[in-house]
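> structure for the following, please:
(one chain, ligands or ions: 2)
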Amino acid sequence: MKKVVIVGTNHAGTAATNTILDNSNNHQVTVFDSNNNISFLGCGMALWIGNQIAGPEGLFYSNKETLESKGAKVYMETPVNKIDFNAKVVYGKNAHGEIIEEHYDDLILATGSLPIIPKIQGMELENVQKVKLYQHAEVVIEKLKNPEIRDVVVVGAGYIGVELAEAFERHGKNVTLIDIATTSLPAYYDAPFTQMMNENLSSHGIKLAFGETVQKLEGDGKVERVVTDKATHKADMVVMAIGFRPNTELGAEHLDQFRNGAYLVNKKQETSIPNVYAIGDCATVYDNSIDNTSYIALATNAVRSAIVAAHNVIGNDIDSAGVQGSNGIAIYDLKMVSTGITAERAKLLGLDVLYTDFEDLQKPEFITEENHKVKLRIVYDAKTRIILGAQMASQHDMSMGIHLFSLAIQEKVTIDKLALTDLFFLPHFNKPYNYVTMAAITAK
Ligand SMILES: Cc1cc2nc3c(=O)[nH]c(=O)nc-3n(C[C@H](O)[C@H](O)[C@H](O)COP(=O)(O)OP(=O)(O)OC[C@H]3O[C@@H](n4cnc5c(N)ncnc54)[C@H](O)[C@@H]3O)c2cc1C
Ligand SMILES: NC(=O)C1=CN([C@@H]2O[C@H](COP(=O)(O)OP(=O)(O)OC[C@H]3O[C@@H](n4cnc5c(N)ncnc54)[C@H](O)[C@@H]3O)[C@@H](O)[C@H]2O)C=CC1
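Ligands and ions are numbered 1, 2, ... in the order given. Now for the predicted structure:
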């Protein structure tokens, strides 16, 4: 029986545990987690705060008992504070202060990420909130019951910030959304798309304060104001959503790291030490859209990297297909999806790209019900004409469309090949000359 120890059992650790136990009966899995709950779907936090779901019950898909029923040994509320990579021993300390020692043949690090907390004055004031764990959501929900919490300032207009701005507005609060960048969602979309999101947010009464740098938080015990380089914003609650950093202190001295501290892994998810794997938010990914190592913290990457590592641990030699950072967001009626690289990020990286834009109704004009415009941008290499990115925006759910582009980037499909790809027509679904074909056919 080979022994596998997994440190961290949220999305990545749970997927690794399940994959090993579902596919091998000669591996014993022991998992450690510092938290008292696992598999919390962070994305549900905004739905819960925005009263779009009744409560948090459905936001978990696993727990200690489920993993134990498969044969895993699970230590909850037991942070691992030391790993001896030579003797292959993991040391954890449980809630009673007892030291737990576990030897391993294979080690999987799934310690995830931590919210980036800015070093500014006033972070210790009451009602300044982080948003990562289930416990954070519980505290925010409880505090929102206080009618004196009227003005909420969200710092960071990335995915979490934009989703939470909508949630607090739906909850009846006055919301200000601040970002150091001059727009929302700068990492995922080009200007024509972020402009749509910005208009969508402000049309629902959310005050946008972009291009502002938070300098300090002020208040007497409780936060009262957010002071930036351009303005002072009234705040009874401040939520920090300025990104995640990989949680890699445990292996920092022993494992090779990426520039942001994530554990560098190969396509088998193996770190610089053989039989030590890293998965999810604590590890790098291979980004097919830039043909290079990158860091993209997504639950989808966490699960897929876990499956790859788990199969390699049990002896099935498989490689990661790499990722393109596919993602989606739905704010009020506006749905936006993107994959790969944006034209703006390509320019920053000095990549020579072109892009083709097309906007049209989803279905023929004679369909008057449920027929919305779709905006599409495809980014491709100016020389090879290989597709490197795509962005879509509509009131329609176009998630299947972005999956097409994710595969196209992964398989290095050119824009010219896409132009002639077999895409069906039926007026209930689309137009004979649909916007994907039209964008590709009209590409420069
Ligand atoms: C509000 C919010 C919304 C999100 N929405 C989406 C979304 O819609 N789609 C999407 O793809 N992604 C989303 N994400 C990102 C997604 O949640 C993360 O990418 C995902 O959680 C990564 O999973 P992970 O298991 O790698 O890391 P984590 O979820 O960070 O889990 C790491 C685990 O390791 C444990 N741990 C850490 N250190 C130790 C230690 N030393 N000893 C023992 N245990 C330890 C922690 O307790 C934790 O349980 C969202 C995140 C947030 C916060
Ligand atoms: N729908 C989805 O797929 C979702 C994915 N996630 C993922 O979770 C992770 C964390 O999400 P976020 O925290 O939103 O990170 P993010 O990287 O998406 O956004 C962080 C935002 O904060 C801004 N920022 C950085 N420093 C700042 C500062 N000092 N002051 C003001 N603004 C600052 C950045 O410009 C950026 O817009 C990301 O990887 C994200 O992709 C989170 C929610 C939903």
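
> surely Gly92 is in a strand?
Yes: Gly92: assigned to a strand according to DSSP: H, G, I helix; E, B strand; the rest coil.

> bridged to it, which residues?
Val80, Ile100 (DSSP bridges).

> run a quick neighbour tally on the single nearest residue of the stretch 301-444 of the chain relative to ligand 1.
The nearest approach of the stretch 301-444 of the chain to ligand 1 comes at Ala302, 3.6 Å away (Cβ to the nearest ligand atom). (Glycine included, C-beta is placed from N, CA and C.) Ala302: 25 surrounding residues under other Cβ atoms under 10 Å.

> contact partners for it?
Shown in contact with Ala302 (Cβ atoms under 8 Å, 6 or more residues apart in numbering): Asn10, His11, Ala12, Ala15, Ala110, Gly112, Ile279, Gly280, Asp281.

> need phi/psi at the first one.
Backbone torsions of Asn10, given as degrees, to the nearest 10, read phi -90, psi -130.

> give me the pLDDT value at it.
pLDDT for Asn10: 97.

> count of neighbours near it?
Asn10 is flanked by 24 other residues according to other Cβ under 10 Å.

> what's the answer for the second one, then?
Neighbouring residues of His11 were enumerated by other Cβ under 10 Å; the total is 28.

> and for the third one?
Number of residues near Ala12 (other Cβ under 10 Å) recorded here: 31.

> quick one: Leu334 and Gln195 touch, right?
No: with contact defined as Cβ atoms under 8 Å, Leu334 does not count as touching Gln195 (11.5 Å).

> in stretch 149-158, what's buried?
For stretch 149-158, a neighbour-count test (16 or more other Cβ atoms under 10 Å) marks Ile149, Asp151, Val152, Val153, Val154, Val155, Gly156, Ala157, Gly158 as buried.

> ugh, typo on my part, it should be stretch 205-218
Under the neighbour-count criterion of 16+ other Cβ under 10 Å, stretch 205-218 has Ile206, Leu208, Ala209, Phe210, Glu212, Val214, Gln215, Leu217 buried.

> care to break this protein down by domain?
By the assignment in automatic domain parsing, the chain contains the domains 2-35+42-113+245-313, 117-242, 333-441.

> could you export those domains as TSV, including distance to Val323?
Compiled in TSV, the domains of the chain are given as follows (distance: least, Cβ to Cβ, whole Å):
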stretch	distance to Val323
domain 2-35+42-113+245-313	5
domain 117-242	14
domain 333-441	8
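
> Gly325: which of those domains is closest?
For these, distance to Gly325 was read as Cβ to Cβ. The smallest value, 4.4 Å, belongs to domain 2-35+42-113+245-313.

> ok now that closest one, how far from the chain's centre?
16 Å (Cα atoms, centre = their mean, to the nearest Å).

> please apply the same query to stretch 113-132.
With Cα atoms, centre = their mean, you get 19 Å for stretch 113-132.

> what is the mean pLDDT for that stretch?
Here the average pLDDT along stretch 113-132 is 96.

> so does it get close to ligand 1?
Yes: using Cβ under 6 Å from any ligand atom, we find that stretch 113-132 touches ligand 1 at Ser113, Val131, Lys132.

> quick check, nearest of these to Asn292?
The nearest member of the residues of stretch 113-132 next to ligand 1 to Asn292, counting by Cβ to Cβ, is Ser113 at 20.2 Å.

> the closest one: what's it in contact with?
Taking Cβ under 8 Å, 6+ apart as the test, what Ser113 contacts is Lys132, Phe244, Arg245, Pro246, Asn247, Asp281, Cys282, Ala297.

> which residues touch the spatially closest residue to the last one that is not a sequence neighbour?
Computed as Cβ to Cβ, 6 or more residues apart in numbering, the closest residue to Ala297 that is not its neighbour in sequence is Asp281, at 4.4 Å. Shown in contact with Asp281 (Cβ under 8 Å, 6+ apart): Ala12, Gly112, Ser113, Phe244, Pro246, Asn247, Ala262, Ala297, Ala302.

> helices - which of these land there?
Ala12, Ala302 (DSSP state H).

> what number of residues lie near Leu348?
Residues within reach of Leu348, counting by other Cβ under 10 Å, total 9.

> what's it sitting at in phi/psi?
With angles defined as degrees, to the nearest 10, Leu348 sits at phi -60, psi -30.

> make 17 the first number, not 1, from now on.
Sure, I'll start counting at 17 from here, so that last one is Leu364.

> redo the contacts of Ala318 as CSV? Include distance to ligand 2.
Below are the contacts of Ala318 laid out as CSV (distance: Cβ to the nearest ligand atom, whole Å):
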residue, distance to ligand 2
Asn26, 13
His27, 11
Ala28, 13
Ala31, 17
Ala126, 16
Gly128, 11
Ile295, 15
Gly296, 11
Asp297, 8
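
> and ligand 1, which of those residues contact it?
When contact is defined as Cβ under 6 Å from any ligand atom, the contacts of Ala318 meet ligand 1 at Asn26, His27, Ala28, Ala126, Gly128, Gly296, Asp297.

> quick check: residues of the stretch 317-460 of the chain near ligand 1?
With Cβ under 6 Å from any ligand atom as the criterion, the stretch 317-460 of the chain meets ligand 1 at residues Ala318.

> roughly how far apart are the residue of the stretch 317-460 of the chain closest to ligand 1 and Ala362?
The gap separating Ala318 from Ala362 is 26 Å, by Cβ to Cβ, to the nearest Å.

> hang on, the earlier thing: what's the closest of the contacts of Ser129 to Ile115?
Ile115 has its nearest neighbour among the contacts of Ser129 in Asn263, at 21.2 Å by Cβ to Cβ.

> do you know how far that closest one is from Asn26?
Distance from Asn263 to Asn26, by Cβ to Cβ: 11 Å.

> mutual contacts of those two, please.
When contacts are counted by Cβ under 8 Å, 6+ apart, Asn263 and Asn26 have Gly128 as shared neighbours.

> give the contact list for the residue of the chain found nearest ligand 2.
Across the chain, the shortest distance to ligand 2 (Cβ to the nearest ligand atom) belongs to Gly174, at 1.7 Å. Residues in contact with Gly174 (Cβ under 8 Å, 6+ apart) are Asp195, Ser200, Leu201, Pro202, Ala203, Ala257, Ile258, Gly259.

> and which of those residues is nearest to Ser55?
Nearest to Ser55 among those is Ala257, at 21.2 Å by Cβ to Cβ.
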